[in-house]
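> the sequence and its predicted three-dimensional model are supplied below.
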Amino acid sequence: GESVGLHLPTLSVQEGDNSIINCAYSNSASDYFIWYKQESGKGPQFIIDIRSNMDKRQGQRVTVLLNKTVKHLSLQIAATQPGDSAVYFCAENKSGYSTLTFGKGTMLLVSP
Amino acid sequence: ETGVTQTPRHLVMGMTNKKSLKCEQHLGHNAMYWYKQSAKKPLELMFVYNFKEQTENNSVPSRFSPECPNSSHLFLHLHTLQPEDSALYLCASSLNLGGLSYNEQFFGPGTRLTVL
């Protein structure tokens, strides 16, 4: 769906905690999902992706979970560090189409 | 640092000025994108180019004019902008193989545009 004039959801955690960032996607036909991290003054950077034939994928300190039944995506960051502070976006895509649809973003604030 | 570069990084212009934003990708991709990122809105897709052909224009005002001379370069020409056009303009690229390919986009650092 579309949103205008939104306030960015914020997740505040302590260094060393595990963080979970959630995202609801809208298109049941989407079969590819990406998490991006955007630090202040920079463009979004790819973190991890997952295809719809999987429900879990792990990277270095990050895990993405996909629940297609409820169209929900989550990003788990283990042992969160101050350098993880950023805005995190999920994006969905239907294979064969070039367009990504981005979520609203969640700001993660990590306190030392 | 990503393989997508954007210049300038910062731009201040008056409403009567004409300026251009440049994007270059060094990743061998065949699709390029312009996005607008405002402070209180999600990323807004503006234009999509596949194999140098514009395949999407998301109802963008004509004061924004894209140009894609080849698959590595993308421009956004600006003229008679409004203060509400002030935003971060992001360029991205991807390898679009069609069919069942998956479309991971790589972003540049953006141009911070201020319209006075």
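Arrived safely, thanks for sending. Numbering: from 1, shown residues only, chains lettered A, B, ... in the order given.
> most proximal residue of chain B with respect to chain A?
Chain B approaches chain A most closely through residue B:107 (3.6 Å), counting by C-beta to the nearest C-beta. Glycine gets a C-beta too; all of them are placed from N, C-alpha and C.
> and for that residue, the neighbour number?
Neighbours of residue B:107 under the rule other C-beta atoms under 10 Å in any protein chain shown: 23.
> looking at this, residue B:27 is in a strand?
No - counting by DSSP: H, G, I helix; E, B strand; the rest coil, residue B:27 is not found in a strand; it is coil.
> and the nearest residue to residue B:109 once chain neighbours are set aside, what does it touch?
Distance criterion C-beta to C-beta, 6 or more residues apart in numbering or on different chains; nearest residue to residue B:109, sequence neighbours excluded, is residue A:43 at 4.8 Å. For residue A:43, the contacting residues are B:2, B:4, B:6, B:90, B:92, B:107-110, by C-beta atoms under 8 Å, 6 or more residues apart in numbering or on different chains.
> just those: which are in helices?
In helices, judged by DSSP state H, none of the contacts of residue A:43 are found.
> give me the subset of those residues that lies in strands.
B:4, B:6, B:90, B:92, B:107 (DSSP state E).
> and residue 2, what pLDDT?
You didn't say which chain, so I picked chain A. Reported pLDDT at residue A:2 in the predicted model: 37.
> look at chain B instead
pLDDT, residue B:2: 56.
> before we move on, what about residue B:50?
84.
> burial measure for it, as a count.
Other residues lying near residue B:50 total 18 when counted by other C-beta under 10 Å.
> quick revisit: can I get the contacts of residue A:43 in TSV with distance to residue A:64?
Shown next, in TSV, are the contacts of residue A:43 (distance: C-beta to C-beta, whole Å):
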residue	distance to residue A:64
B:2	21
B:4	23
B:6	28
B:90	22
B:92	20
B:107	19
B:108	24
B:109	25
B:110	25
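> could you turn the buried ones of those residues into a PyMOL selection?
To isolate the buried members of the contacts of residue A:43 in PyMOL, using 16 or more other C-beta atoms under 10 Å in any protein chain shown:
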select buried, chain B and resi 2+4+6+90+92+107+108+109+110
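> count the neighbours of residue A:52 for me.
The burial count for residue A:52: 16, using other C-beta under 10 Å.
> just the pLDDT at it, thanks.
Per-residue pLDDT puts residue A:52 at 93.
> quick check: it touching residue A:31?
Yes - judged on C-beta atoms under 8 Å, residue A:52 makes contact with residue A:31 at a distance of 3.9 Å.
> which SS state does the residue in chain A that chain B sits nearest to fall under?
In chain A, the residue that lies nearest chain B is residue A:43 (3.6 Å; C-beta to the nearest C-beta). Classification of residue A:43 using three-state DSSP returns coil.
> does the most centrally placed residue in chain B lie in a helix or a strand, and which?
By C-alpha atoms, centre = their mean, chain B has its centre lying nearest to residue B:34, at 2.5 Å. For residue B:34, the host element (DSSP states H and E) is strand B:31-37.
> any residue of that strand touching chain A?
Yes - under the criterion of C-beta under 8 Å from any C-beta of the partner chain, chain A is reached by strand B:31-37 at B:31, B:33.
> lowest average confidence, helix or strand, in chain B?
strand B:53-57 (a mean of 78; mean pLDDT, DSSP states H and E).
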